[in-house]
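Undergrad: I'd like to go over a predicted model; first the sequence, then the structure.
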Number of protein chains: 4
Amino acid sequence: MIVVLRKGASQATIDRVVRRIEELGLKAHIIVGTERTVVAAVGDERHRSREALESIDDVEKVVPILAPYKVASKEARSEPTVVKVLDLVIGGGNVGVIAGPCSVESEAQILESAQKVKAAGARGLRGGAFKPRTSPYSFQGMKEEGLKLLAAAREVTGLAIVTEVMTPQHVDLICQYTDILQIGARNMQNYHLLQAVGETRTPVLLKRGPSATIEEFLLAAEYILDQGNAQVILCERGVRTFENHTRFTLPLATVPYLHQRTHLPVVVDPSHGTGIASLVPSMSAASIAAGADGLIIEVHPDPSQAMSDGSQSLTPAAFQEMMDLCRRVAGAMGVTMA
Amino acid sequence: MIVVLRKGASQATIDRVVRRIEELGLKAHIIVGTERTVVAAVGDERHRSREALESIDDVEKVVPILAPYKVASKEARSEPTVVKVLDLVIGGGNVGVIAGPCSVESEAQILESAQKVKAAGARGLRGGAFKPRTSPYSFQGMKEEGLKLLAAAREVTGLAIVTEVMTPQHVDLICQYTDILQIGARNMQNYHLLQAVGETRTPVLLKRGPSATIEEFLLAAEYILDQGNAQVILCERGVRTFENHTRFTLPLATVPYLHQRTHLPVVVDPSHGTGIASLVPSMSAASIAAGADGLIIEVHPDPSQAMSDGSQSLTPAAFQEMMDLCRRVAGAMGVTMA
Amino acid sequence: MIVVLRKGASQATIDRVVRRIEELGLKAHIIVGTERTVVAAVGDERHRSREALESIDDVEKVVPILAPYKVASKEARSEPTVVKVLDLVIGGGNVGVIAGPCSVESEAQILESAQKVKAAGARGLRGGAFKPRTSPYSFQGMKEEGLKLLAAAREVTGLAIVTEVMTPQHVDLICQYTDILQIGARNMQNYHLLQAVGETRTPVLLKRGPSATIEEFLLAAEYILDQGNAQVILCERGVRTFENHTRFTLPLATVPYLHQRTHLPVVVDPSHGTGIASLVPSMSAASIAAGADGLIIEVHPDPSQAMSDGSQSLTPAAFQEMMDLCRRVAGAMGVTMA
Amino acid sequence: MIVVLRKGASQATIDRVVRRIEELGLKAHIIVGTERTVVAAVGDERHRSREALESIDDVEKVVPILAPYKVASKEARSEPTVVKVLDLVIGGGNVGVIAGPCSVESEAQILESAQKVKAAGARGLRGGAFKPRTSPYSFQGMKEEGLKLLAAAREVTGLAIVTEVMTPQHVDLICQYTDILQIGARNMQNYHLLQAVGETRTPVLLKRGPSATIEEFLLAAEYILDQGNAQVILCERGVRTFENHTRFTLPLATVPYLHQRTHLPVVVDPSHGTGIASLVPSMSAASIAAGADGLIIEVHPDPSQAMSDGSQSLTPAAFQEMMDLCRRVAGAMGVTMA
C-alpha cells in the first residue's frame, strides 16, 4: 500500500510510519516528492490494517494496491468456473436461464410455471419458499411445504431448483430439496450464512447487495469459497441509486468488469433490476450482449394474482417471446443457450 | 392507494382494476380526470399487494397512501419511548452517549477504554466481540472471551454494555453478557435475526442499513416490535452515496424526520458515518443540535494500534474534548446529557 | 394531483385545501378513507404549484398524476422521431454510430480519426473544440481552430460533425461548422443554453446530467422543443452513484424506459458511461440489444497520447472489432446499422 | 501519482510507463513489490494527463497524490477568507444569515420578507429574479423588474442582496443591483459562467452541484479564483442520493471537511437540502454546530401562496424561532451571530 503524508510532514512522522509498516511485517520504501512524501509498504498487505496507519497524525491517506480477495480472483484461477446442475449450465460460454415465480404459492401455480418456463427454454426453476419481506405483515412464503412443491416440480420437469436460504439454521433442510442455494441481496454480508452455505457442496447463487461495491461482492463470495465450496455464481440484480423510475438501477458493466477480475460466472436478474415487467425482455437481451453467463427471471402464470412481485413478473407468453429474442442475441455473441 | 391508469385506458381496464381492488377487500372510487382516470382504493391497504395491481395492462402506477409500519408509528403511540439501562438514558429529552473501541482486543484495552470514556461522561460501553468483517481474512473478534471482558468492564465502571449480535444462534449467549443488543447495518434486513432479538426483552440498537430507506428502516424496527420487544433504539450511521471523501454520507435530517414519524429514540454514529476521526466531534455536536437522543462513538486508547477502524477512532483526550463541546450544545438545546 | 392529508386532519384543513385547489383552477374531489382523507385535484396540473399545497398544515404529501413534459411525450406524437444528417440516421429502426476523439488536437489526429472510424462504419464524427474541463488548468480545446479542422474532416469523409456547445454566445459560431450540437451532461440544466440551441434548426444531442431523473431529462429536452427545434436526440451517458470501479454507472434500462414515454431517439455513450476502454465493446453491444438508436464512442489514434480521456478511448482497431460485434447484435435485433 | 501495473507486467511495459512519465516532465521511481510493480511519478502532476497513462496495456490504475486545486487550498492561504458586505459577515468565526423568498413575486412580498427576516437577525436578503426552473412551463422570475425590487428592499432595510445569475450575458446587469452573485447548483460546472463572475469583483456564493464531489466543487471555485475574484463563499445545499423522503440528502460533514482543506467560508442551505420546512430549524442548528459560517434560508410571508418552493419555505414566525435556537447554538460554539 501507499501511505501519502501531508505537506510538511516531519521526519518524526516519516519515522513513525516506517516503524508501523515494519511492525506490520512489510517493507517501507520512502519516495520524496516535490510537495509530498509518500511511503510505499511492500509485501502482502491483505491481512494488515490500513486504518491503523491512517490514524497517524499527518498521514493524509493510505491507498491499497492489492485487491483483498484471493480465491475468487482471476489470478488464482484463469479458467472460468462452470456450474452445471442437471441440464442447467452456467459459465464458460453457456448461458443458463432460471425462471419461475417470486414465491411458491400452490402446487398448481408452481407446476404450471415450471412446465411453461421449461417449454420456453429455461433449465432452472426459481421459487421462494422462505421469503424475506420488507414488512413483517407481508406473505412470508410456504416454508417447507413450498420446498416440497419445488422438488415435485423438478420431478415432473427435470428443471434444477433454485431457492433462497435466509438463515444458517435452514441450510440443511433446504439442501435436501434444492439444487442451488440462493443468497438474497439483503443477506450478501450475513457472514454466518455465507459460511454455512460455504460448508455445503451445493452450488450457491450469490446476489449482489443493493449498495455493495464490487470488492465487497467478491469478498462475500470469498467467504463461501474460503469454506471449500467452489461453486459460486455471482448475480447482479441492480443497485440502489437516486433513480426512482425503476425499482433499482441495473448496471450491466458489472458483467464484463467481473469477468476481467474473477473466474466465477455472472448472471443477471433483470426482474429485480428493473421492477417493471415490460423492461425485462430488453434488459435480458442486453445482459447477454454484455456477456452474462445466465439470467434469472420472474415468470408467473397470472401476475395480477401473484402474492409478491406481480409488477415485475412476465407472463409465460412474454417469457417465451423474450427467450426467442435472447437466443438470437446469444447466437450473435457466439455463446450457447438452451 | 391510488391506481393511475394510462391515458385512454378502456372501460374494461377500469372494470378489471375495480374488480381486483374489491377482491383485495378494499372499496374502489373512480375519479375521471381531464387526461387520466385514477381509481382510489379505500381501506387498510397495508396487507395488500400493490404489485399485483401494477401488473394489469394500462395501469401506469400505483401510489400507496398509508405508511406500512404500525407499532413504530407516532400514531400508535404519541409519547416518546425512553430506553433506560443502568445509568444510560436515551430518549425523551435525554442524550445518552455510548463509547468504546470498535473491537474488544484485550482486558487492558477494554478496561482502559471503559474508564476513560466513563470519566468523559459516557454511560454506555461499546465493543465488538463478534465482528462482521468485509473480508474473511480480517480479525473476526474475540468471541465469548470478548463478551466476558465487556462484562468485567461493566463490573468495574457501571457502564451499560452494547455489543453486536450477528446470527440468531448467538442471541442467548450474548444476552447473558450485554445490556443492549446491537444489530449491525449489514443485518438490518436479516429478518430471522430481527425476530430472534424481538423475542428477548433486551433493548436493541438497530443500525440503519447503508442503502435503507426510512420506510425499510422502520419496517425493520417493526419486525422487532412485532415480537413484543418494545425497547428499540434507531441508529443513523450513514448511507452509501457517490461521496467518497467520507466513508459514508451522514444524513442528519433523518433525526428530525424520524421524530416526526416514530416514538422510538434516534441515536447517531458519526464514527462510521464519516470514517474520519477528525470529523467526529463536529458531527457529534451537529447530531445533538439536530435533536439526536444519543451518540455512539468509537474511542481507542491508541488508534494507531487498533485491530479495526483505527482511522475513525478518537483518542480518549479527543473524546473528552468532544464531550465538553457536546454538553454545551445540549445545554443550548435544552436537553439533558450526563 | 392527489393531496394526502394527515390522520385526523380537520374539516377546516380540508376546506382550505379545496379552496386552494380551486384557486389554482382545478376541481377538487374529496375521498374519505378509513385512516386518511385524500383530495384529488382534477384538471391540467402541469402549470400549478404543487409545493404551495404541500405547505398547508396537515397536508402530508402531494402526488402528481401527470408527467410534466408534453411535446416530448409519446402522447403528443406516437411516431418515432428520426434524425437524419448526411449519412447518419438515428431512430426509427436505424442505429447510427458517432465516433472520434474526445478533443480535436491537430489536423493529422482528427483526419486520421475520421478516416478510421468511417472505415469501421461510423457515420458521425465527434470531437471537442470547446472543452468543459473539471479543472481550469486542463486543456480547454482548440476552439474555433478545432471547429475548422472538424469541418475539414467532414469535407474529406462525409461524416456528420457532432461537437459541444458550452455557452449561448457560441451557438451561432458553432452552427456554422457542425451538423449536430452537443449539450454536455454538465449543461443539461443550463436553461439559457437549451433555449439558444432550441432557437436554431440544427439537431441537438442532449446528454443526460449525471444525477438527472428521467423527468428532468425530458423537461430539459422540452426546453429545446418548446423553442421549435424538433430534432432532439437523447443521450444516456451514465449516472453518478456509489459505484467507483467505473467512472459512472451506465443504466441501460433508460433506453426501453424512454422509448415507452417519448418519441425522441435515444443513443448511448458507453465511453463516458464506463470510463474504461476495455468495457466499451460489451456495453456497446448491450446498448444495441437494449434498443438504443445509436452510439457515441471515443476513438483516438493513440490513446496513450490523448490530451483528454485516453483511458476510455478505443484504438481504431478495437473500434473496428467493436463495430463488427455490434453489427451482429443489430442483426439479431432486426435493426439497421451502417 | 502512482501507476500500479498488473501482476506479471513485462519489463517492456515498465519501460513504456517510465518513458511516458518522463515525457510528461515527471521523474519515475520504480518500486518492485511482492505481487505488483508500481511506478511513482514525482513532480507537479496537476497539469498532466493521468488518463493517458491509464490507457497503456497492463496499467491497472493510476492514483493521483496531489489535490488538483491550488488557490482554493489551505496550503495556498492558511487564514480563513472572510466575506463582508454591508452588515453581512461570513467566515472567520462569524455566522451570517441570508434569508428571503425563493422568487421575488411583488414589491409588497419582497419588502415584507426583507423587514421580517431583518427583524429576526438576517443580514442578507435572498430572492430570485432570474429563476432556473426544471420545467419550461414554470414561473421563470420577474427578471430585471425583480432586481429593482431587491435593490429597493436593500434601500429600506440595509440587507445585502443575494440573487442568482444564470448566464454570462446577465452578469453585468445583475452586478448593478446585487451585493453577492449566486451560482446555482445546476450551474456549478457552467465554466463560462464561472469565468464571467470570476472577472467581476462582486462576491460569489457558489452552490455545490447535486452530484459534485468535493474535488469538483473546489475546482469550480478555482475557476472563479483563477480569474482574480477572491471572494468566494461555498454553499452546501444537499446532494442527490437514493433517499427520497427529503428533496436532497444534506451531508453536513462537508462543512468540517472543507474547513480542513480550504480557506473559503462554507454556508449551508437547509431549505433546498431538505425540501421540507419543518426540518429546516433542526438542520440550521445542526449546520452551526457542524461549524458553518452562514445559512441561506427560504422565508415567505405566506408559503401556501408562494410561486415556487412553498413547501420548503418558513413563515416569518418560524424563522424568528429558528434564529433564536441558532443563536443559542452559536453561543455554545463560541461563534458570533447577529
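TA: Ah, there it is.

Undergrad: can you give me how far the helix or strand of chain A with the lowest mean pLDDT is from the chain middle?
TA: When each helix and strand of chain A is scored by mean pLDDT, DSSP states H and E, helix A:50-54 comes last, with a mean of 80. Its chain's C-alpha centre and that of helix A:50-54 lie 29 Å apart, by Cα atoms, centre = their mean, to the nearest Å.

Undergrad: Report the mean confidence score over the top helix by length along chain A.
TA: Longest helix in chain A by number of residues (criterion: DSSP state H): helix A:316-333. Helix A:316-333 comes out with an average pLDDT of 98.

Undergrad: again, but for stretch A:71-88
TA: 96.

Undergrad: which residues of chain A score low on pLDDT?
TA: A:47-49 (pLDDT under 70).

Undergrad: I'd like to know which elements the next helix or strand after the longest helix of chain A is packed against.
TA: Counting by DSSP states H and E, the next helix or strand C-terminal to helix A:316-333 is strand A:336-337. Applying 3 or more Cβ pairs under 8 Å, 6 or more residues apart in numbering or on different chains; DSSP states H and E, one finds that strand A:336-337 contacts strand A:94-100, helix A:316-333. Quick note: C-beta positions are derived from backbone N, CA and C, even for glycine.

Undergrad: contacts for strand A:336-337?
TA: A:89, A:93-95, A:97, A:121, A:288, A:326-327, A:330 (Cβ atoms under 8 Å, 6 or more residues apart in numbering or on different chains).

Undergrad: try stretch A:139-159
TA: With Cβ under 8 Å, 6+ apart, stretch A:139-159 has contacts from A:86-88, A:103-107, A:110-111, A:113-115, A:117-118, A:122-125, A:127-131, A:133, A:160-161, A:163, A:173-174, A:176-179, A:307-308.

Undergrad: And for stretch A:316-327?
TA: So stretch A:316-327 is in contact with A:95, A:97, A:99, A:113, A:116-117, A:119-122, A:277, A:280-281, A:284-285, A:288, A:295, A:297, A:299, A:301, A:314, A:337, C:332-333, going by Cβ under 8 Å, 6+ apart.

Undergrad: Now with 7 Å, please.
TA: A:99, A:116-117, A:120-121, A:280-281, A:284-285, A:288, A:297, A:299, A:301, A:314, A:337 (Cβ atoms under 7 Å, 6 or more residues apart in numbering or on different chains).

Undergrad: from those, which is closest to chain B?
TA: Of all these, chain B sits closest to residue A:314, with 9.7 Å by Cβ to the nearest Cβ.

Undergrad: check contacts around that closest one.
TA: Here residue A:314 is in contact with A:277, A:280, A:297-299, A:322 (criterion: Cβ under 7 Å, 6+ apart).

Undergrad: got the phi/psi numbers for it?
TA: phi -80, psi 150 (degrees, to the nearest 10).

Undergrad: Spell out whether stretch A:200-210 and chain B are in contact.
TA: Yes - if you take Cβ under 7 Å from any Cβ of the partner chain as the test, stretch A:200-210 does meet chain B, through residue A:210.

Undergrad: That stretch: end-to-end distance?
TA: 26 Å (Cα to Cα, to the nearest Å).

Undergrad: How far off centre is that stretch?
TA: On Cα atoms, centre = their mean, the centre of stretch A:200-210 falls 6 Å from the chain's centre.

Undergrad: what comes into contact with that stretch?
TA: A:83, A:85, A:162, A:171, A:175, A:178, A:180-185, A:188-189, A:197, A:217, A:220-221, A:224, A:229, A:231-240, A:248, B:211.

Undergrad: cool, stretch A:170-182 as well?
TA: A:85-86, A:130, A:144, A:147-148, A:150-151, A:160-165, A:196-197, A:200, A:202-205, A:207.

Undergrad: Okay, strands next: where are they in the stretch 1-150 of chain A?
TA: With DSSP state E, counting those that start in this stretch, the ranges of strands along the stretch 1-150 of chain A come out as A:2-5, A:27-32, A:37-42, A:59-63, A:83-85, A:88-90, A:94-100, A:124-126.

Undergrad: Let me fix that, I meant to ask about the stretch 151-300 of chain A.
TA: Going by DSSP E, counting those that start in this stretch, the stretch 151-300 of chain A shows strands at A:160-164, A:180-183, A:204-207, A:232-236, A:266-268, A:294-298.

Undergrad: can you tell me which two in the contacts of strand A:336-337 are farthest apart?
TA: Using Cβ to Cβ, the two most remote members of the contacts of strand A:336-337 are A:93 and A:121, lying 16.7 Å apart.

Undergrad: follow-up on the earlier one: report the inter-axis angle for the longest helix of chain A versus strand A:294-298.
TA: 170 degrees (axes from the mean of the first three to the mean of the last three Cα atoms, to 10 degrees).

Undergrad: What residues sit buried inside helix A:316-333?
TA: A:316, A:318-320, A:322-323, A:325-333 (16 or more other Cβ atoms under 10 Å in any protein chain shown).

Undergrad: Show me which of these is closest to residue C:15.
TA: Using Cβ to Cβ, these come closest to residue C:15 at residue A:318, 47.9 Å.
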